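sharing a sequence plus its predicted fold:
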Amino acid sequence: FVLFQEAQNVAPAEMRRHGLGGLGSHALAAYAGAQVPAFALAPAVMRRLGAGRALLFSCACASAFASILLLTSQLWDAETGSAARAVMVCACGALGAFSTLIWPAQSVLLTQYSPEAFLNRYSSLFALCFFSSGLIGPIVSSVALPVGGIAGMTSSLVGFAVVGMLLLVALPAPEVQEEHETRQSEASQDEEAPEPKGAVQSYILGDRRFLHLCSLDFAHGLCLNAFVSVAMPLLSQAWGPEDATPLERAQRLQLALMCNGAGHLAAGVAYAPIADRWGRRSALSLQVAGGVAALAFAACQLLLGQGAGGSSGAPFVLFAAVLSGFTFVYCRIGNSALTSSLFRDRAAVAFAALVMARFSGTALGFLVLPLLPSLVACVAPLVLMVLVTLAAAAHAPLFAPPGRAAASAAAADAEAGEATQRSNRR
């Protein structure tokens, strides 16, 4: 993910600097938008391939997309024809469709690997490792940029991607909990007829708890992906002299991204202790506080720091980067833990629908945020994140104990089955 995240955060700004306009944002929007309808097929494909093989194949496609994005940001300029640009955007969309399985596959594996009692810790540890890319990428780029430019940076990041894919080759098969298997066996014996087709999907998509999770993931996709890619260059360029060289501008952006990555790691460390001690609902208060603080620092940077010159605006940029990175990844960990706990028996369908909402927000963000004024583009996503977090925290059933959640799920499925049978008899 080091390669992908750096490409997403760096390439659009590089393309604008080379006279390619919004090509980078359009390519990212195509990549994310193509994944939205493809998520409908994700559960069936994962059942056929297995989550491990699906994850490896999709990671290879995502790495190919990121490599194309970085290379074109360096090799193309304003004279590149519209036909070539259109082909590049279409290719990014195709690779996006084939990359669909990354997110539901990794979430399903994490759900199956994690005992319920340690779910918060497993989610935090996974996020700590996964989102360390937000810190490793800028560090590698900062070292490689002065030596080899974008080409040297791309080569280094591709090396990280290859190593990561090799580590996925021999993933152990997840061991499903014995208690979970027993519960499924008893449920299957009690059923008089097979589960109606679409009953699980209907229950999940009609559940208010899941709608709150989808709204959080929509805001998360808008913020973690589109906001960082669009707003971080705006915030970092508002800090320092206007006549800075391209290398100095790139290094300022990498410093801001490095701080953003430090926030990712802080979220991975903080979530499990807070959620285990005070509960997942109380943990959302820290998410709200982080979002409000990041919003304040971003607004201060654009309103007070812009044009100040030198390093006077640096604290605003760096604090906004750290706090926004913390808030976005903290949201991702909490959402994953809640979904794994509430919908463990329906993990493939639940995570596919959840990630569909996330990438809807991502695609919308890449299309809309570049068109907005700088202040609105930097502030609106953070406002949305704070509002949907407050709405989720106010919905008490979202934080019901797993046993009660499982009982309500079984009752809802039984009711859906009875309704279908009555309809068939008519």
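Cool, got the structure. The structure displayed is predicted, hence computed values, not measured ones.

what about the helices in the stretch 101-250 of the chain?
Along the stretch 101-250 of the chain, the stretches classed as helices by DSSP state H, counting those that start in this stretch are 102-113, 119-130, 133-167, 178-190, 199-205, 208-221, 228-237, 246-278.

would a markdown table of those with distance to S73 and mean pLDDT be doable?
(Glycine included, C-beta is placed from N, CA and C.) Formatted as a markdown table, those follow (distance: least, C-beta to C-beta, whole Å; pLDDT from 0 to 100):
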| stretch | distance to S73 | mean pLDDT |
| --- | --- | --- |
| helix 102-113 | 22 | 77 |
| helix 119-130 | 24 | 78 |
| helix 133-167 | 7 | 77 |
| helix 178-190 | 46 | 42 |
| helix 199-205 | 38 | 51 |
| helix 208-221 | 22 | 88 |
| helix 228-237 | 12 | 83 |
| helix 246-278 | 11 | 84 |
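
now these as CSV including mean neighbour count and distance to V87?
CSV is the format used below for the helices of the stretch 101-250 of the chain (neighbours: other C-beta atoms under 10 Å; distance: least, C-beta to C-beta, whole Å):
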stretch, mean neighbour count, distance to V87
helix 102-113, 23, 24
helix 119-130, 21, 32
helix 133-167, 18, 20
helix 178-190, 11, 47
helix 199-205, 19, 36
helix 208-221, 23, 26
helix 228-237, 24, 22
helix 246-278, 20, 27
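
reformat those as TSV; add distance to L354.
TSV is the format used below for these (distance: least, C-beta to C-beta, whole Å):
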stretch	distance to L354
helix 102-113	8
helix 119-130	14
helix 133-167	21
helix 178-190	20
helix 199-205	9
helix 208-221	5
helix 228-237	20
helix 246-278	17
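
can you say which of these is nearest to A84?
Proximity to A84, assessed across the helices of the stretch 101-250 of the chain by C-beta to C-beta, is greatest for helix 133-167 (18.8 Å).

could you say what helices and strands the closest one packs with?
Applying 3 or more C-beta pairs under 8 Å, 6 or more residues apart in numbering; DSSP states H and E, one finds that helix 133-167 contacts helix 2-17, helix 51-75, helix 246-278.

wait, which of these is closest to L235?
Of all these, helix 246-278 comes closest under C-beta to C-beta, at 6.5 Å.

and the helix or strand just after that closest one with helix 246-278, angle?
Note on helix 246-278: by DSSP states H and E, the next helix or strand toward the C-terminus is helix 280-300. For helix 280-300 and helix 246-278, the angle between their directions (axes from the mean of the first three to the mean of the last three C-alpha atoms, to 10 degrees) works out to 160 degrees.

helix 280-300: how far from the chain's middle?
Centroid displacement of helix 280-300 relative to its chain, using C-alpha atoms, centre = their mean, to the nearest Å, is 18 Å.

repeat that for stretch 322-335.
On the basis of C-alpha atoms, centre = their mean, stretch 322-335 sits 10 Å off its chain's mean C-alpha point.

so what's L20 closest to, chain neighbours aside?
Excluding its sequence neighbours, the residue lying closest to L20 (C-beta to C-beta, 6 or more residues apart in numbering) is W76, at 6.0 Å.

swap that for M46, sorry
A54 (5.1 Å).

ok, now L364?
If the residues on either side of it in the chain are set aside, L364 comes closest to L222, at 6.7 Å by C-beta to C-beta, 6+ apart.

tell me the contacts of that neighbour?
Residues near L222 by C-beta atoms under 8 Å, 6 or more residues apart in numbering: G361, T362, L364, G365, P381, L384, M385.

tell me how many other residues crowd F118.
Number of residues near F118 (other C-beta atoms under 10 Å) recorded here: 13.

contact partners of stretch 389-400?
Outside stretch 389-400, the residues that touch it by C-beta under 8 Å, 6+ apart are 208-209, 212-213, 215-216, 219, 279-281, 284-285, 287-288, 291, 331, 338, 342, 408.

what of stretch 65-72?
With contact meaning C-beta under 8 Å, 6+ apart, stretch 65-72 is reached by 3-4, 6-8, 10-11, 15, 23-24, 27-28, 31, 88, 91-92, 95-96, 99, 150, 153-154, 157-158, 161.

would you indicate which residues of it are buried?
Neighbour counts using 16 or more other C-beta atoms under 10 Å place F65, A66, S67, I68, L69, L70, L71, T72 of stretch 65-72 among the buried residues.

do stretch 344-354 as well
Per 16+ other C-beta under 10 Å, stretch 344-354 contains these buried residues: R344, D345, R346, A347, A348, V349, A350, F351, A352, A353, L354.

avg pLDDT for it?
Mean pLDDT, computed over stretch 344-354, is 79.

can I get it in PDB, CA atoms only?
Below are the C-alpha coordinates for stretch 344-354, written out as PDB (Å, rounded to 0.1, in the frame of the first residue of the first chain):
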ATOM      1  CA  ARG A 344     -19.500 -11.700  11.600                       C
ATOM      2  CA  ASP A 345     -21.800 -14.400  10.000                       C
ATOM      3  CA  ARG A 346     -22.300 -12.100   7.000                       C
ATOM      4  CA  ALA A 347     -18.800 -10.600   6.700                       C
ATOM      5  CA  ALA A 348     -18.300 -10.900   2.900                       C
ATOM      6  CA  VAL A 349     -21.600  -9.200   2.100                       C
ATOM      7  CA  ALA A 350     -21.300  -6.600   4.900                       C
ATOM      8  CA  PHE A 351     -17.800  -5.500   4.000                       C
ATOM      9  CA  ALA A 352     -18.500  -5.500   0.200                       C
ATOM     10  CA  ALA A 353     -21.400  -3.100   0.800                       C
ATOM     11  CA  LEU A 354     -19.400  -1.000   3.300                       C
END
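
so how far is that stretch from its chain's centroid?
Offset of stretch 344-354 from its chain centre (C-alpha atoms, centre = their mean): 16 Å.
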